[in-house]
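S.K.: sequence and predicted structure below; questions after.
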Amino acid sequence: MDKLKFENVFVIGPRFHERRKLAPVPAALAFMLKHRPRDTGAKKETALTELRRAISGDASVADARAAFVPAADEAGILAPTVASE
């Protein structure tokens, strides 16, 4: 499972707007499917595709992260980075 982890990405949680750390590709995919607003931008489909491809071994975790971060940002759920992270 460690091979399916990318560098930490922090997102805003849906319930209490808490910061959540996502690193495993399956967790990022689950978060996108469950919590990402449906009506925000075209980058969602690209992120979902790349996350699924990484899980199936057809893409790298770096590619998955590279698609996930802009999709989260576009949706307004990417948390600001903190210097100690």
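M.R.: Structure's in. What do you need? Numbering: from 1, shown residues only.
S.K.: helices along the chain, start to end?
M.R.: Using DSSP state H, the helices found in the chain span residues 25-35, 43-56, 61-75.
S.K.: mind putting the ones you listed into TSV with mean neighbour count?
M.R.: All C-beta atoms are positioned from the backbone trio N, CA, C, and that covers glycine. Shown next, in TSV, are those (neighbours: other C-beta atoms under 10 Å):
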stretch	mean neighbour count
helix 25-35	18
helix 43-56	18
helix 61-75	20
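S.K.: would you list those helices in CSV and tack on distance to residue 11 and mean pLDDT?
M.R.: Output for the helices of the chain, formatted as CSV (distance: least, C-beta to C-beta, whole Å; pLDDT from 0 to 100):
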stretch, distance to residue 11, mean pLDDT
helix 25-35, 6, 91
helix 43-56, 12, 95
helix 61-75, 5, 94
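S.K.: now stretch 22-35 - C-alpha only, CSV.
M.R.: Backbone C-alpha positions of stretch 22-35 (Å, rounded to 0.1, in the frame of the first residue of the first chain) are rendered in CSV as follows:
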residue,chain,number,x,y,z
LEU,A,22,-4.4,12.9,2.3
ALA,A,23,-1.5,10.8,1.1
PRO,A,24,-2.8,7.4,0.0
VAL,A,25,-4.2,7.5,-3.6
PRO,A,26,-7.3,5.5,-2.6
ALA,A,27,-8.1,8.1,0.2
ALA,A,28,-7.7,10.9,-2.2
LEU,A,29,-10.1,9.2,-4.7
ALA,A,30,-12.6,8.5,-1.9
PHE,A,31,-12.5,12.1,-0.8
MET,A,32,-13.0,13.4,-4.3
LEU,A,33,-16.0,11.1,-4.9
LYS,A,34,-17.7,11.8,-1.6
HIS,A,35,-16.9,15.4,-0.7
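S.K.: dump the residue contacts of the closest residue to residue 14 other than its chain neighbours.
M.R.: Leaving aside its sequence neighbours, residue 14 sits nearest to residue 35 (C-beta to C-beta, 6 or more residues apart in numbering; 4.6 Å). Applying C-beta atoms under 8 Å, 6 or more residues apart in numbering to residue 35 gives the contacts 13-14, 77.
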